[in-house]
Structures are given as structure tokens and as C-alpha cells.
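> here you go, sequence then predicted model.
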Amino acid sequence: MSVDPFETPRVPAVVERLLKQLVVTMKAVVLYPSSSSIPLENAEECAIIVREAFRDLPELRLTVLKDALAYENLPVFPGRQAFQAFAAELFQRRLAEVRFHPGVSAADIVALLGIFKIPPTQLMGAGGVESRLWELGVDSITVKEASAKIVDVQDDDVAGEDEGEVWPPDHASIRELIDGSAALRPREQRVLTRLLSDGPLVAGYLSESIAGRGTDPAVVAAGNAVSELARAAQRTPVADRAKAFEAVAAALMGLDSETRRAVIAERLLPEARSNDASAQLMRQMDMDAVCRMLVEGFGGDPGSAAGLSRAIRNLAMISLANRSEVANSAGAAMRGSGLGENVVQSVLEEALPSRLEVREHGDTGAREEQTETIMRLVDLAPGAVASQFEEAPEFLALQEEARQGISDGDIVAGLVTAVIADPSGPGFEHLMNLLEDTIDVSVERGDFIVAADAAESLRVAIDSPSVSADSRARFVSILSKMASPRDLASVAKAMRVFGEGSTEYAACERLLEALGQSILEPLLEVLAEEPEMTARKALVDMISSRSTGYIELLGRHVADSRWYFVRNVVAILGATKSPDALQYLSRTLRHADSRVRRESIRALAGLSDRLAGDMLVAALDDPDAQNVQVSARYLGAARVERARGALEQVAQGDGRGNRDLGPRVEAIEALGRLGSKQSLPVLEQLAGKRSILGSSRNRELRGAAEQAIAMIARGGGVAS
């Protein structure tokens, strides 16, 4: 059939049919319960259309644009509302491309469209669409996720569906968007994101909210408006959230000093202890500036002192900075405003009772003073040692000092310093017993900085050649105690909550680095018991990044009776990219559960070792159709020439293993990618097959073979 070079290219009719059926199926998936057969029936129609498409098309890849899906750079149904909305939902979920492979099933399509039931922010927090498809074992549909910002609109993009709509929106329209931010349509969400990134617009809205407060006091109106803005900012896309919070914080800082101080001290700081949006807003502000604002309203009376102490305590509890930094900043602000030292110390003692005052010492007597401090901290530990001295005047004085601000973290730090300073001294064993009783308090209470400092100090002592074998063994025992499954579960959770770049995340990284190999077994135990998908993926990533040198340790777990745990271990082994993992992957490639075998195939595909390629060839004999498809796809993508004979067998439907239509078509495609002319007789035989009944099965095989022959004719090239 000749093609007119001047004819306007158009989207193939089969692609248009597929998109129509995908939209219908998406609605069925969203509207009907998972127990209903209706979504699956609609998805089966999609699968039939996909099979028809592969008779004529070399591949079926849809590009996700902001307001349309495209096939080979041609928008499909541009301007039609239902398809625009479908594309927008995929776009919001960070998808850049969706590709269907031969053998796609109705269940796979339902799994893909199930993402429409999950809010975009929740889906991104769980690792994205690719991670979800991996978790559900879907290999016949692959996706690429966008790394660019999703919201990047010009004035005319958000001007609205009506041409007469103007920018910026009026106060009432903004209020409506903010009030309904939890349930906005995609277009409205884009408008809200845009206005929250506009600092002057946010400031103007806040000023108007206070001016039109009616009978409400200005502080109440401002507090309500700021809280509402913070909640709306929290609901913006992740990529734009920081900018939105910065705009809200700048608007707040633009208020008059009295209103601003009252909103921060009386509204935001108390809320921030339990409200993520308020806490995130406070973290955008400079701590020194906040402390100066809090001190501005200090009247010197007991009520003002109590209020200031409470505000400083709340400031420390939202992780704006560590406690000592908050204390130093607040103290500097109070001293700068002319308050006396007694008042400063009184307020700080009330605000941060666990703070340890560190006083400057001259050179003379500094060492003796340090030793005395350490011993005082030792005696503060609970238990029998303290009761021995309870009648002594020195101990009573020490109790008074404890009431003035010695924390559990200070005790742990002091004990670590003491045992490392004299690991062969007469009191070493007793101090180690005390440390053993208190070391895990730091992690338990979330003081990861203290825990990291302690672990790093102990690690240095362990590596020191001057430390005796017995002392070294005790230090190792202490580190192992810090690596309990319970404590490491807390560390993993903290790293998910605080995120990279935070002080807490950095402290957790230091702690894990210092604990070394001892964390792997407990982390695997945590992984085995973790019910939440997001947490499991984070744990897999955490263990993978630290497992390169411990493949043998990981390999011991491939015989575990829990298939889902073994699958995660296989993913970790694959992430090492080490040939040493092959001996264990050869076992999991024969696992009783097909999902474990599939993960083993994925792991092998990431290894460039020749043996890994041979094992992928062996996987072509798997009884599971999806596993054969995945193996064939990886062998074709890697252009493993020695797989040609095995792929030809699969293509012809010969040999062992699953030889359903999907695996055969995938094997034919792989032969095309190999580009070997030696495969042409097999492919020509398949392309020339005819059936009296003209079955769709033979038509699909013929279409795939014809495409493979054309690919070889173009010169695909063969890897050695």
C-alpha cells in the first residue's frame, strides 16, 4: 500500500479505540467495588484491542501530556473533555509515558487504572506508579515517570474555561479555593498552586482577610487566615510546596509586629505540635527572627514569663533546630532586649528543663572540671549506685543541679566519654553496665543526634589499637544493643518522616554508618514484619544502599518460608549489582512462588555478568507466562546473541515452559531486536502461517514476525 507523503499523519484507529475503552474502564474501576466483575470485563476489552494493535504496530507507547495523550507525537482526541481529564489525572500522578507490551491481561489494566483511586500526593508518598506496579507484579505495562515540575502554567493556561476570566482572582474566589483545597478538580488545583506561589497575592489576601474580619479581633482573623493558607499549601504538589509555604511565611512576616507575634505565639506554635501544616510553615522562618518577635511582647510579669517559656518550648518541639540552638537563640534575643541574666535563665529553665548549661572554663583546672562533670552525670543514673550516696551533701547538691537541667542525653554522652577515656580503669565495668542500661533511651526518645555521637565515639574506640580485646568486645556489645529491631524501626520511620536535608535525617545516617554490619539482620527482621508498602520500599532502599559488602549475609535468607520476604531480599541482592549474588539468585530462580522467580529475573537483568545472561535464558523455560515474557524482553533489550536459539524455540511454541501467545510474541520481538539474519527462516515461517479459520492468534504472531523481519532488515545490530 502506497503512502501519500503529503497526507496529514493521523493516529491509528486502533489506538483511538484503545483510549476510548481505557476511559470507560477507568470509570468502572473508580465507580465499582473491587469485588465487582464489571471493571475486569471492561479491561478484557482493552486487552483484546491491545492484541489487535500489535498486529500492525511495532509498539504501543502513549506519551502523557498535560491535557492529552499522544501516540508518536500526535495527540489523541485533542480538545475533547473526557480524554483531557483522563490525561490530566495521569499527568498529576507524574507519568510521562505508558507502554503496553504483548500479553497484557485484564488484571494488569485494572491494576494500572487503580491509580485513579489513589490521591496523587498519597501515590507519590508511596513511591509512585512504577513502584505500585512493581508491588502488584505487573510487567506487561511499563511506565516512565516525569522528573520535571508538573505545574508550569502560563497566564492563558489558568485563565479558566471561560475566556473572560481574569487574573488574579478576587478575594472571594481565593477564599473559595482555599476552603475547598481538599477536594479541588485538577484545573482548580493548578490555579490554587499558582496563587500560593505569588507572594504579593498571598500577602494581599491575608491583609484583606484581617480588614474584613467583622467583629473578630485582628489576631483571631489573622490566625484563622494563616492556618487556612498553611493547610492549602500542604495540599499543593510536592514540587511546589516549599514555594507555597515561603509565600505564606512572607505574608505573615509582613503583618504588624503585635499581630504577627500573637499569631505565632498563640496560634501557630501550639498548633505546630500536632499539625503538620503549621509546623511546616514555622520551619520556613528564621529562628533568630522568631525568637526576637516572641521577646517583643514580653512584659516582665509572671504571666508573660510563663507565656514566653511556653512559646520557646513549643519552638524547640517542632524541630526548627535542636534544643541547644533554640536556647541560645532565645537567650540572645532576651539579652538583646535588655533583660537581666536572672530573668533569662529563669525563662529558659522553665522552657527547656532538659537543657544542660555549659560554662566556659579557663585552661587552669579545665581537665579536673571535666572529670567532675562526668562523674556527676554518672551518679545521676537511676539505680542502686545513686542510692548509695543519697545521704551525702554532695549528692543532695547534685540532685538540685539535676532539677536545673541535666537531660538523659547528657547522661548518655557523659557515660560514653567516661568509658572511652579510661577503658582499663577500675570503674570501667560498672560504667559499662550503666551505659548498657541507658544507651537505647536516646533512640527511643528520638534524640538521634546524641545516639549518633555516642555510636561514632564507640566505633572510634573499637577501631583503636590501644583498646584491649575485652573492652573492645564490650563496646561492640553496646553498639549491637543500639541496633535492635525496635530501635532501627524508629530510625527508619524518622528518616521517612523528616526526609533528606533535615538534621534528624543526617543524624540517622551517621548512626547507621557507625553501627555498620550489625544493622542488616535487624533491618531485615523489621522488613519482614512491616505491613505498609511505602515503608517496605523505603526499607528495601535503605538496606540496598548498605548491602554491597554483605551479600553472604543476605543470601542466608533466600530459604525463608515467607515468599514476600524472599522477594524483597532478592530485590536487595539485585540492587548490589554484584556477581557474588548469582549463587543465591540461581536458587530463587527456582523458587516455588512465581513472584519470587519474577523478581529474580529482574535482578539478573541488572547484572552484566555472562552467567546472568545464561540464567535469563534458562528462565525462558519458566511455567509462568509472565516470567517467560519478562525474560524474553530483557534478553532482547540486552541483545544477548547466545539467547537466539532459545528465543526461537519460544517463538515457535516449542520446548519446555509456558508457550502462550504473550511469551511467543515477546520472543519474536526479542529476535527482532537481536537483529540476527540467522533467525529469518523462523520468522518468515511464522509470518507466512495461514489458518483456515483465520484465528486472531495467528494474525498476532504474523504481525509480530513481520515487524521483527522489518527490524532485522533495518539492521538492528547484535551485541556480543
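Received it, and whenever you're ready, just let me know what you need. Just so we're clear, the structure is a prediction, and the values are computed from it rather than from any experiment.
> quick one: the helices in the stretch 1-150 of the chain, in order.
13-31, 38-56, 81-92, 106-113, 120-125, 128-135 (DSSP state H, counting those that start in this stretch).
> for the stretch 301-450 of the chain, same thing?
302-317, 323-336, 341-351, 366-379, 384-387, 393-403, 408-421, 428-438, 441-444, 448-463.
> in a strand, Val526, correct?
No: using DSSP: H, G, I helix; E, B strand; the rest coil, the assignment for Val526 is helix, not a strand.
> how many residues are close by it?
Neighbours of Val526 under the rule other CB atoms under 10 Å: 25. In this view, the C-beta of every residue, glycine as well, is placed from N, C-alpha and C.
> returning to that earlier point: now, of the helices of the stretch 1-150 of the chain, which is deepest in the fold?
Stretch with highest mean neighbour count among the helices of the stretch 1-150 of the chain: helix 106-113 (a mean of 23; mean count of other CB atoms under 10 Å).
> what's in contact with the helix or strand that contains Ala249?
Ala249 is located in helix 238-253, with elements delineated by DSSP states H and E. The contact list for helix 238-253 (CB atoms under 8 Å, 6 or more residues apart in numbering) reads 121, 124, 149-151, 193, 196-199, 202-203, 205-206, 226, 229-230, 232-234, 236, 260, 263-264, 280-281, 283-285, 289.
> A ChimeraX selection for the residues you listed, restricted to the buried ones, would help me check which they are.
The buried residues among the contacts of helix 238-253 can be selected in ChimeraX (16 or more other CB atoms under 10 Å) with this line:
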select :121,124,150,151,193,196,197,198,199,202,203,205,206,226,229,230,232,233,234,236,260,263,264,280,281,283,284,285
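> out of the helices of the stretch 1-150 of the chain, which gets the lowest mean score?
Set side by side, the helices of the stretch 1-150 of the chain give their lowest mean pLDDT on helix 120-125, at a mean of 77.
> any idea how far that helix is from the chain center?
Centroid separation between helix 120-125 and its chain, computed with CA atoms, centre = their mean, to the nearest Å, is 9 Å.
> can you check stretch 456-476 too?
On CA atoms, centre = their mean, the centre of stretch 456-476 falls 36 Å from that of its chain.
> could I get the full set of strands for the chain?
Counting by DSSP state E, the chain has strands at residues 60-64, 69-71, 74-76, 95-100, 141-145.
> looking at these, which is closest to Gly303?
strand 141-145 (54.3 Å; CB to CB).
> what lies in contact with the closest one?
Contacts for strand 141-145 (CB under 8 Å, 6+ apart): 94-101, 104, 108-109, 111-112, 128-130, 133.
> ok, Ala619 - contacts?
Leu589, Arg597, Ser600, Ile601, Leu604, Asn627, Val628, Ser631.
> which of these tops the neighbour count?
Ser631 (34 neighbours).
> quick one: that residue and Asp614 touch, right?
No: using CB atoms under 8 Å as the test, Ser631 is too far from Asp614 to be in contact (11.6 Å).
> how near is Ser227 to Ile439?
In this view, Ser227 and Ile439 are 40 Å apart by CB to CB, to the nearest Å.
> of those two, which one has the most company?
Taking neighbours as other CB under 10 Å, Ser227 and Ile439 compare with Ile439 leading, 24 against 19.
> could you list the low-pLDDT ranges of the stretch 101-250 of the chain?
125, 147-168, 180-187, 212-216, 238 (pLDDT under 70).
> sorry, back to before: what is the nearest of the contacts of Ala619 to Leu315?
Using CB to CB, the contacts of Ala619 come closest to Leu315 at Ser600, 51.1 Å.
> show me the contacts for that closest one.
Val570, Leu585, Thr588, Leu589, His591, Ala619.
> how far away from the center of its chain is stretch 63-83?
29 Å.
> meant to ask about stretch 528-535, not that
13 Å.
> on that earlier part again, list just the nearest of the contacts of Ala619 to Ser346.
Ser600 (65.2 Å).
> can you tell me how far that closest one sits from Asp256?
According to CB to CB, Ser600 and Asp256 sit 65 Å apart.
> show me the contacts for Ile178.
Leu192, Glu228, Leu229, Arg231, Ala232 are the contacts of Ile178 under CB under 8 Å, 6+ apart.
> spatially nearest residue to the first one (excluding sequence neighbours)?
Counting by CB to CB, 6 or more residues apart in numbering, Leu177 is the residue found nearest to Leu192 once chain neighbours are left out, at 4.7 Å.
> I'd say the one you found and Arg190 touch.
No: taking contacts as CB under 8 Å, Leu177 lies outside contact range of Arg190: 10.6 Å.
> distance to Leu458 added to the helices of the stretch 1-150 of the chain, as CSV?
Shown next, in CSV, are those (distance: least, CB to CB, whole Å):
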stretch, distance to Leu458
helix 13-31, 53
helix 38-56, 56
helix 81-92, 48
helix 106-113, 47
helix 120-125, 35
helix 128-135, 36
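> let's test this: mean pLDDT of stretch 512-528, rounded?
86.
> how about stretch 444-463?
82.
> likewise stretch 282-294?
Computed over stretch 282-294, the average pLDDT equals 83.
> okay, Leu339: pLDDT?
85.
> number of residues surrounding it?
For Leu339, using other CB under 10 Å, the count is 18.
> what sits against it?
Per CB under 8 Å, 6+ apart, neighbours of Leu339: Val295, Phe298.
> next up, the contacts around Val263.
Val263 touches Val219, Ala222, Gly223, Val226, Leu252, Leu255, counting by CB under 8 Å, 6+ apart.
> the fourth one: what's it in contact with?
Val226 makes contacts with Leu206, Val248, Ala251, Leu252, Val263, Arg267, Leu268, Leu281, as judged by CB under 8 Å, 6+ apart.
> out of those, flag the one nearest to Ala507.
Taking the contacts of Val226 together and measuring to Ala507 by CB to CB, the closest member is Leu281, at 23.6 Å.
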